[in-house]
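S.K.: sequence isn't available, so here's the structure alone:
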C-alpha cells in the first residue's frame, strides 16, 4: 500500500484536513484539548509564513493520511537554525502501514538538506510506543523538563 | 542593591558578555556543553533577526548581571504566537539578590503586552530550585518528554 503514498508540503488548500488531524491528536494528548478555531489559526499562520516553518503531509491521490509540523528557530547551544517538530500525526484509520516512517524519513532528509542542526520534539510521556518510534530514527530522550505558562488571551493583540 | 538594576533589550554591543553567560550555563547543564563559536553564532543570529526572538539583559551601569533569550514561534494548540524561553542566566557572583525575578517579571510583561499566548521553557531535571523559581511565576510542569536528534554539521549550509 505504502508505495502509492507520497510526502508533499501542505498549502492553505489542505487547511481543513490539517485542522481535523491536529484536533484528533489533541483529543488523545493529556496536555492539550482540541479547539477548531485555535488549530485553524495556528496552522494558517505557519502556512502563510514559510520562514517560520513548514507543514508536510503524507498523502495518496485521494486522501491526506498524516502530517507533521516543523517550526524553525535558533539554538544558542548548536549555533544555528534548529527545528521543533510538532503535530506528528497519522490518521487512526491508516496506522501500522509505515506511513509515519515515510513522513519521518522525509523530515530528516529535509532537515539535513537545509542545514538544520537539531530536531527537538515533545512527545507524550505516556506513549512508550511513540518514544520507541522516534528512537528508531535516532531521537534520544533529553534530561530537560518542559514547564509552561499560559497567558490570558484577552491581552492578545 | 536591586533598585539600581534595570532590564534592557540586548544588542550586538553586548555579544561578548552574552556569550560568556551562556557558556557558564552550559557548563552546569547535563544536556549541553559550552562552545564559544556556537554560542556566539546562535546569539548573533537572534540579535540580528528581531522577528525570531529577543534577548533581554538585567544590568547596572557597570555590568551585565544576567540574561534571558526569548524565541518566537507558532503554536497550533494555542492558535497564535508563543515564546520559547531559553538561557535564563544570572551570573554566579550575583545570585540571591532578586535579579532573576526582575528579569522574569519583565519577560511576563513583554509577553502579555505583545499578545504571546504561552511561554515554554526546558529546565534541567536535576535542579529542583530552578523548578520552584519558575513555579512561583505560574509555570507548570508539562507531561511531555523532550526528545532530540542532533544532525551532522557537515551538511550545514
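M.R.: Looks like it arrived, so ask away. Just so it is clear, the model here is predicted, and its values are computed rather than measured. Numbering: from 1, shown residues only, chains lettered A, B, ... in the order given.

S.K.: the strands in chain A, which residues?
M.R.: A:6-9, A:53-59, A:64-75, A:80-90, A:118-124, A:140-141, A:144-150 (DSSP state E).

S.K.: want to throw those strands into TSV with mean neighbour count, mean pLDDT and distance to chain B?
M.R.: For glycine as for every other residue, the C-beta is placed from the backbone atoms N, C-alpha and C. Below are the strands of chain A laid out as TSV (neighbours: other CB atoms under 10 Å in any protein chain shown; pLDDT from 0 to 100; distance: least, CB to the nearest CB, whole Å):
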stretch	mean neighbour count	mean pLDDT	distance to chain B
strand A:6-9	15	97	16
strand A:53-59	21	98	7
strand A:64-75	23	97	5
strand A:80-90	22	96	6
strand A:118-124	21	90	4
strand A:140-141	13	92	6
strand A:144-150	19	92	4
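
S.K.: any chance of those in TSV, plus distance to residue B:114?
M.R.: Formatted as TSV, those follow (distance: least, CB to CB, whole Å):
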stretch	distance to residue B:114
strand A:6-9	29
strand A:53-59	19
strand A:64-75	17
strand A:80-90	20
strand A:118-124	23
strand A:140-141	33
strand A:144-150	14
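
S.K.: can you tell which of those strands is closest to residue B:96?
M.R.: strand A:144-150 (21.4 Å; CB to CB).

S.K.: centre of the chain to the closest one, how far?
M.R.: Put simply, strand A:144-150 sits 19 Å off its chain's centre (CA atoms, centre = their mean, to the nearest Å).

S.K.: just checking: what are the partner strands of it?
M.R.: Here strand A:144-150 is paired, per DSSP bridges, with strand B:118-124 (antiparallel), strand B:140-141 (antiparallel).

S.K.: so what touches the last one?
M.R.: Under the criterion CB atoms under 8 Å, 6 or more residues apart in numbering or on different chains, residues A:145, A:146, A:147, A:148, A:149, B:131, B:135 lie in contact with strand B:140-141.

S.K.: next: the first one.
M.R.: Residues external to strand B:118-124 that are found in contact with it (CB under 8 Å, 6+ apart): A:142-151, B:28-31, B:75, B:78, B:82-86, B:88, B:107-108, B:111, B:130-131, B:134, B:139, B:142, B:146.

S.K.: tell me what the closest residue to residue A:29 other than its chain neighbours is bridged to.
M.R.: Leaving aside its sequence neighbours, residue A:29 sits nearest to residue A:124 (CB to CB, 6 or more residues apart in numbering or on different chains; 5.3 Å). Using DSSP bridges, the bridge partners assigned to residue A:124 are residue B:144.

S.K.: from residue A:27, how far out is residue A:130?
M.R.: 15 Å (CB to CB, to the nearest Å).

S.K.: now the contacts of strand B:140-141 as a markdown table including distance to residue A:17?
M.R.: Shown next, in a markdown table, are the contacts of strand B:140-141 (distance: CB to CB, whole Å):
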| residue | distance to residue A:17 |
| --- | --- |
| A:145 | 34 |
| A:146 | 28 |
| A:147 | 33 |
| A:148 | 28 |
| A:149 | 32 |
| B:131 | 39 |
| B:135 | 39 |
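
S.K.: what pLDDT does residue A:125 get?
M.R.: With respect to pLDDT, residue A:125 has a value of 68.
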